[in-house]
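[1] Need the 3D shape of this:
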Amino acid sequence: MTYKQQLGRRGEKIARRFLVERGYLIMETNFHTRDGEIDIIAFKDSKIYFVEVKTRTSDFFGGGEEAVDERKIEKLTLCAQKYIQIYNIDYMWQIDLISILIDEKNAKIKHIKNITF
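    Numbering: from 1, shown residues only. The predicted structure follows:
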């Protein structure tokens, strides 16, 4: 596994813990379709949350939120729609972003809800 993959997995673990501590139920992780992947699928308050996680060790080139553009949101939306179709979901849903800035000791977490363009 590459360093980038290890960092991503570490960030996803932090994001899952962050969500669980706030009352979310983790339904699935790393859901793949041919259109892409959704890092975390969670449930809370009768709503499904499709969560993209971006983990960085520096904000020199910007935070994780700068890495999610209109094209990425379109891909996430296609993946979410596929999940809804496969599992016949009849709940409201949205796409969230969790951006994590991490060093050896700390993680700064930013939860951006209902990302759209």
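[2] Who are the contact partners of the closest residue to residue 47 other than its chain neighbours?
    Among residues not flanking residue 47 along the chain, residue 92 sits closest, at 4.8 Å (C-beta to C-beta, 6 or more residues apart in numbering). Just so you know, the C-beta spots here come from the backbone N, C-alpha and C atoms, and that holds for glycine as well. Neighbour list for residue 92: 46-48 [criterion: C-beta atoms under 8 Å, 6 or more residues apart in numbering].
[3] Would you write out the ChimeraX command that picks the buried residues out of the residues you listed?
    This is the ChimeraX syntax for the buried subset of the contacts of residue 92, where burial follows 16 or more other C-beta atoms under 10 Å:
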select :48
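[4] In TSV: the contacts of residue 92, plus secondary structure, distance to residue 2 and pLDDT.
    Output for these, formatted as TSV (DSSP: H, G, I helix; E, B strand; the rest coil; distance: C-beta to C-beta, whole Å; pLDDT from 0 to 100):
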residue	secondary structure	distance to residue 2	pLDDT
46	coil	38	96
47	strand	34	97
48	strand	31	98
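[5] Relative to residue 4, which of the contacts of residue 92 is nearest.
    residue 48 (28.1 Å; C-beta to C-beta).
[6] hang on, the closest one packs against residue 31?
    No. Using C-beta atoms under 8 Å, residue 48 is not in contact with residue 31; the gap is 11.4 Å.
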